[in-house]
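A.B. asks: what's the 3D shape of this:
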Amino acid sequence: MNNIVSCALVALVLSAALQPAFAQSRQTLKQLDELDRKCEAARDAVLPGIREQLIAECILPPPTRRVQQRTLEQCERYWNDYGVKERQRAALDLPECQEAFQARQQYRSRRSR
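C.D. replies: Numbers count the residues shown, from 1 in each chain. Predicted coordinates:
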């Protein structure tokens, strides 16, 4: 019986001691998620312009006669989903995305110590 009381007391002390660390970790994860949302919003604002530019380049006359000229519809269909399937790679050079990436890297390096 004494062993059970001792184990319960140790568990109670440990949970009280670790509670602030868990709360801080949850707060940090919320901040990282907010940075990710800002990055996502910045990408969503930039990607339509990038798609328009890619479509405009796509309909330009081909460099040689061996390459067939593409229509506007073909180019729109081809580039329509740019940045959706490749969301992790498209527009990563935005300041918001760089900030989110660096914050995640710092968080991971602190956790691995």
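
A.B. asks: Output the below-cut-off pLDDT ranges for the chain.
C.D. replies: Flagging of the chain using pLDDT under 70 yields the residue ranges 1-24, 85-88, 113.

A.B. asks: quick one: contacts for the residue lying closest to residue 41 once chain neighbours are set aside?
C.D. replies: Leaving aside its chain neighbours, residue 41 sits nearest to residue 96 (7.6 Å; criterion: CB to CB, 6 or more residues apart in numbering). Any C-beta I mention is one placed from the backbone N, CA and C, and that applies to glycine too. By CB atoms under 8 Å, 6 or more residues apart in numbering, the residues touching residue 96 are 35, 38, 39, 41, 42.

A.B. asks: gap between the residue nearest the centre of the chain and residue 71?
C.D. replies: In the chain, the residue lying closest to the centroid (CA atoms, centre = their mean) is residue 36, at 5.2 Å. Applying CB to CB, to the nearest Å, the value for residue 36 to residue 71 is 38 Å.
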